[in-house]
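Curious how this folds, go ahead:
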Amino acid sequence: MRPHVTCHMITSLDGGLHPSRWTSSPDGDRAGWSETYEAMHKTFDADGWLVGRVTMAEMSKAGPHPPEGHFDVDRSLHIANPDAKSFAIAVDQHGKLHFNSGDFDGDHVIVLLGKDVSDLHLAELVADRVSYIVSDNQEMDLASLLEILGREFSIRRLLLEGGAGVNGSFFAAGLVDELSLLVAPAIDARKGSDRFIEYGNDGLAGKCELSLLSCDRLDDGLLHLKYAVMASA
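As a prediction, the model looks like this:
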């Protein structure tokens, strides 16, 4: 059984992703907004959180350091820490992420990889005590990868936390159950600014539907919107 997936994000009123580029507000500041977002993250009591390659690269600053000598790797699944209870998960189709260890702030790292990732990169992940799952198909089968996360790592609840591309892919595949959106009293407005979700040229019309569950006003001018997410009829 795949995990229950909640997409949890904070945005400006126009969907911007980066608070450092937003307008200011007399109601609150960026530090307060970020603190509320992180505090709410913990209230979900999720087993793990998932981001895309770009987002994880902003947090993991390691460079390539392939192992030397002979190595054998499993090209499907590697579980580096079978006792782990919380997880930091990254989608990295082409194997571009690097890590210094398999732990990120107490969460065990799992990487979801594309079929063509090299053995050398897999060996580097093994040496760094990072777990991984390699997709069976040329196009990453996100549903199958989620099933493996549930079966092999006992992940029951998962937070999807961006960026835009990976969020859009999960919504388009019908794999998001709930959207938790914190909206700050700010505007990005930059031309070409990143949004919290995007999907190709045609967007998500006809792929999913949202139904409002709640709308709460929080401190610092924040609104918390919760939606049930369903596949389009």
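
When you work out contacts or count neighbours from here on, use the C-alpha atoms and nothing else.
OK.

For the longest helix along the chain, buried residues please.
Identified as the longest helix of the chain according to DSSP state H is helix 30-43. The neighbour-count check on helix 30-43 (16 or more other CA atoms under 10 Å) flags Arg30, Trp33, Thr36, Tyr37, His41 as buried.

what's the answer for stretch 224-233, then?
Result for stretch 224-233 [16+ other CA under 10 Å]: buried residues His224, Leu225, Lys226, Tyr227, Ala228, Val229, Met230, Ala231.

quick one: secondary structure of the nearest residue to Glu124 once chain neighbours are set aside?
The shortest distance from Glu124 to any non-neighbouring residue, by CA to CA, 6 or more residues apart in numbering, is to Pro66 (5.1 Å). With DSSP: H, G, I helix; E, B strand; the rest coil as the basis, Pro66 sits in coil.

ok, back up a step: filter the buried residues of stretch 224-233 down to just the ones in strands.
In this view, those that belong to strands under DSSP state E are His224, Leu225, Lys226, Tyr227, Ala228, Val229, Met230, Ala231.

circling back to that earlier point, any chance of the buried residues of stretch 224-233 in JSON lines, with pLDDT and distance to Asp14 too?
As requested, these are exported to JSON lines (pLDDT from 0 to 100; distance: CA to CA, whole Å):
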{"residue": "His224", "pLDDT": "98", "distance to Asp14": "15"}
{"residue": "Leu225", "pLDDT": "98", "distance to Asp14": "14"}
{"residue": "Lys226", "pLDDT": "98", "distance to Asp14": "17"}
{"residue": "Tyr227", "pLDDT": "98", "distance to Asp14": "18"}
{"residue": "Ala228", "pLDDT": "98", "distance to Asp14": "21"}
{"residue": "Val229", "pLDDT": "98", "distance to Asp14": "20"}
{"residue": "Met230", "pLDDT": "93", "distance to Asp14": "23"}
{"residue": "Ala231", "pLDDT": "85", "distance to Asp14": "24"}
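
avg pLDDT for stretch 32-43?
Regarding stretch 32-43, the rounded mean pLDDT is 96.

Quick one: residues in contact with that stretch.
Contacts to stretch 32-43, defined as CA atoms under 8 Å, 6 or more residues apart in numbering, come from residues His8, Met9, Ile10, Leu182, Ala184, Asp220, Leu222.

Now do the first one, the pLDDT please.
Same thing as His8. Confidence at His8, expressed as pLDDT, is 98.

what's the neighbour count on it?
Residues near His8, counting by other CA atoms under 10 Å, number 22.

From the contact counts, what lies against the helix or strand hosting it?
According to DSSP states H and E, His8 maps onto strand 4-11. Contacts defined by 3 or more CA pairs under 8 Å, 6 or more residues apart in numbering; DSSP states H and E place strand 4-11 against helix 30-43, strand 157-160, strand 178-183.

what do you get if the cut-off is 7 Å, keeping everything else the same?
Strand 4-11 is packed against strand 157-160, strand 178-183, with contacts defined by 3 or more CA pairs under 7 Å, 6 or more residues apart in numbering; DSSP states H and E.

Which strands border the last one, and is each parallel or antiparallel?
In other words, strand 178-183. Counting by DSSP bridges, the strands paired with strand 178-183 are strand 4-11 (parallel), strand 223-231 (antiparallel).

looking at those strands, which is closest to Leu17?
strand 4-11 (5.4 Å; CA to CA).

and the closest one, how far from the chain's centre?
Put simply, strand 4-11 sits 9 Å off its chain's centre (CA atoms, centre = their mean, to the nearest Å).
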